[in-house]
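> Make a model of this:
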Amino acid sequence: MQFSLTHKDTGSNARCGLITTDHGTIETPIFMPVGTVGSVKGIYHRDLKDDVKAQIILGNTYHLYLRPGLDILRKAGGLHRFCSWDKPILTDSGGFQVFSLTPIRKLTEDGCMFQSHIDGSRHMFTPENNVDTQRIIGADIIMALDECCPGDADYAYAEKSLDLTEKWLDRGIRHFDETEPLYGYSQTFFPIVQGCVYRDLRTRAAENVARYNRDGYAIGGLAVGEPTEKMYEMLELVHTVLPQDKPRYLMGVGTPANILESIARGVDMFDCVMPTRNGRNGMLFTWEGTINIKNKKWEDDFSLIDPNGTSFVDKTYTKAYLRHLTISQEMLAAQIASEHNVAFYLDLVEKARQHIQEGDFASWKEAVVKKLDTRL
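Coordinates of the predicted model:
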């Protein structure tokens, strides 16, 4: 993988760049739709490419490991071939999913023992077999196994958690460097900066991952219960420590406003389930603010879903029609809303890139964020 910076904003730490992988080039800042089990919920791959204009999608190691399983993925020739996606893929190590399984998992220095949420069977992720698992899945960018520390953890817990993450990282990188890709194209390995909301721990974590000189770095353990202001503070802190010539990936964040504020703090890559999850529940993100399409006020609103939107669904369907489908619990409602939301997120980062290139990102961002947080 290669990364080149192309533009820097004059009024913030925002920047544009190009990530080059064997499956294609990615323009940053970029949003990666979440395809947890090999699909972005409710959206055809055709529409992801042609309408939404996704440049990279994300898969999840925990879920893909359990189902369809590694034997099927290996026989298929990796996730790209299995799900018929020819653009880049990134896989999370499953650390966050394991974190969310608190009652049915156990962490040790060796790794993480957990029970399947599907059938209760017991499994073990170690830093080494987690790399092997992601080799089999075949993502272009793979993540280190880490513990995602809760945002409200006390200092003692956060320090102990970081100790474990750093030990796992050292083993994972060593194993990655000793193994080879399986399907004839290259893979790269991102360490993850943890440390909760404690400045000294975040600084230590960022300095530690930087010494490995990898192709890129992830920032984890944010938007997991801490105040938003703390998240932004941690991003500003790690921006000063992580290498300027490598991409930064903020994991699992977040709202449109979160994304723009994080771009202003030097973040290049994002993923979040919010566009599809909220869409399935009737919440739409638009350039004028958020819409709960279930509200009666949209019953006879025959304007387009988002007149400023760029997607096929924005140019085709009305609010009244989408509300009707939603209230009727038609599957098409979730598909339309999900496609709209993911397209909006991709349009958001595309416009951010344009304004960074034009040199007025900071002022544009301030004006846009006020609208994005409005409830219509």
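
> Hmm, R171 and N130 touching each other?
No: using CB atoms under 8 Å, N130 makes no contact with R171, being 9.7 Å away. C-beta coordinates here come from the backbone N, C-alpha and C atoms, glycine included.

> So which of these two has more stuff around it?
Legend: neighbour count by other CB atoms under 10 Å for N130 and R171, higher for N130 (30 against 19).

> tell me the contacts of that one?
T61, S93, G94, G111, L145, G172 (CB atoms under 8 Å, 6 or more residues apart in numbering).

> do R122 as well
M113, F114, Q115, S116.

> And it, its phi and psi?
Backbone geometry at R122, expressed as degrees, to the nearest 10, gives phi -100, psi 140.

> pLDDT score assigned to it?
As predicted, R122 sits at a pLDDT of 93.

> Not counting its neighbours along the chain, what's nearest I142?
Excluding its sequence neighbours, the residue lying closest to I142 (CB to CB, 6 or more residues apart in numbering) is Q134, at 4.0 Å.

> for the chain, what spans make up the helices?
45-47, 61-66, 70-76, 79-83, 95-100, 127-137, 155-178, 199-210, 228-239, 256-263, 274-280, 319-327, 331-358, 361-372 (DSSP state H).

> circling back: return the subset of the contacts of R122 lying in strands.
Of the contacts of R122, the ones assigned to strands by DSSP state E are M113, F114, Q115.

> which of the residues you listed count as buried?
Buried subset of these (neighbour count, 16 or more other CB atoms under 10 Å): M113, F114.

> In JSON lines, list the ones in strands among the contacts of R122 along with distance to E339.
JSON lines is the format used below for the ones in strands among the contacts of R122 (distance: CB to CB, whole Å):
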{"residue": "M113", "distance to E339": "39"}
{"residue": "F114", "distance to E339": "33"}
{"residue": "Q115", "distance to E339": "35"}
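
> and the ones in strands among the contacts of R122 as a markdown table, adding pLDDT and distance to K167?
A markdown table is the format used below for the ones in strands among the contacts of R122 (pLDDT from 0 to 100; distance: CB to CB, whole Å):
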| residue | pLDDT | distance to K167 |
| --- | --- | --- |
| M113 | 91 | 16 |
| F114 | 89 | 18 |
| Q115 | 89 | 23 |
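
> Please identify which of the ones in strands among the contacts of R122 is nearest to E350.
Checking these against E350 by CB to CB gives F114 as the nearest, at 37.9 Å.

> got the contact list for the residue nearest to the closest one when sequence neighbours are not counted?
In space, and not counting its chain neighbours, F114 is closest to R105: 3.9 Å by CB to CB, 6+ apart. By CB under 8 Å, 6+ apart, R105 lies in contact with V98, C112, M113, F114, Q115.

> go with 10 Å
By CB atoms under 10 Å, 6 or more residues apart in numbering, R105 lies in contact with Q97, V98, F99, C112, M113, F114, Q115, R122, H123, F125.

> Check F114 too.
Contacts of F114 (CB under 10 Å, 6+ apart): 62, 66, 94, 97-98, 101-102, 104-107, 121-125.

> what residue ranges in this protein are flagged as low confidence?
99, 101-102, 104 (pLDDT under 70).

> most distant residue from the middle of it?
Residue farthest from the centre of the chain, counting by CA atoms, centre = their mean, is D300 at 35.8 Å.

> circling back to that earlier point, among the contacts of N130, which one lies nearest to E178?
Closest approach to E178 among the contacts of N130 (CB to CB): G172, at 10.8 Å.

> Tell me how many other residues crowd that closest one.
So G172, with other CB under 10 Å, has 26 neighbours.

> Now it: closest residue in space, sequence neighbours ignored.
Nearest non-adjacent residue to G172 (CB to CB, 6+ apart): P127, at 3.7 Å.

> The one you found: how many residues sit nearby?
24.

> Please apply the same query to E178.
Applying other CB under 10 Å, I find that E178 has 9 neighbouring residues.

> And it, how close does it get to H117?
In this view, E178 and H117 are 32 Å apart by CB to CB, to the nearest Å.

> now do R375
In terms of CB to CB, R375 sits 33 Å off from H117.

> So what pairs up with the spatially most central residue of the chain in the strands?
The chain has D271 as the residue nearest its centroid, 1.8 Å off, counting by CA atoms, centre = their mean. Applying DSSP bridges to D271 gives these bridge partners: M32.

> Contacts only, for it.
30-35, 56-58, 90, 92, 249-254, 345.

> What's the ChimeraX line that selects buried ones from these?
Command for ChimeraX that selects the buried part of the contacts of D271, burial taken from 16+ other CB under 10 Å:
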select :30,31,32,33,34,35,56,57,58,90,92,249,250,251,252,253,254,345
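
> List the ones among the contacts of D271 that fall in strands.
I30, F31, M32, P33, I57, L58, L90, D92, Y249, L250.

> With distance to T165 as extra columns, can I get the residues you listed in CSV?
CSV is the format used below for those (distance: CB to CB, whole Å):
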residue, distance to T165
I30, 25
F31, 25
M32, 22
P33, 27
I57, 25
L58, 20
L90, 19
D92, 14
Y249, 16
L250, 17
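
> and G266, how many neighbours?
23.

> That one and Y249 touch, don't they?
No: the pair G266 / Y249 is not scored as a contact, 11.6 Å apart, by CB atoms under 10 Å.

> Spell out which residues are contacts of both of those two.
In contact with both G266 and Y249: I219, using CB under 10 Å, 6+ apart.

> Would you convert the helices of the chain into TSV that also reports distance to L304?
Shown next, in TSV, are the helices of the chain (distance: least, CB to CB, whole Å):
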stretch	distance to L304
helix 45-47	18
helix 61-66	35
helix 70-76	40
helix 79-83	31
helix 95-100	36
helix 127-137	39
helix 155-178	46
helix 199-210	43
helix 228-239	31
helix 256-263	19
helix 274-280	16
helix 319-327	8
helix 331-358	10
helix 361-372	17
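
> between these, which gets nearest to T188?
Once the helices of the chain are compared by CB to CB, helix 155-178 is nearest, at 8.9 Å.
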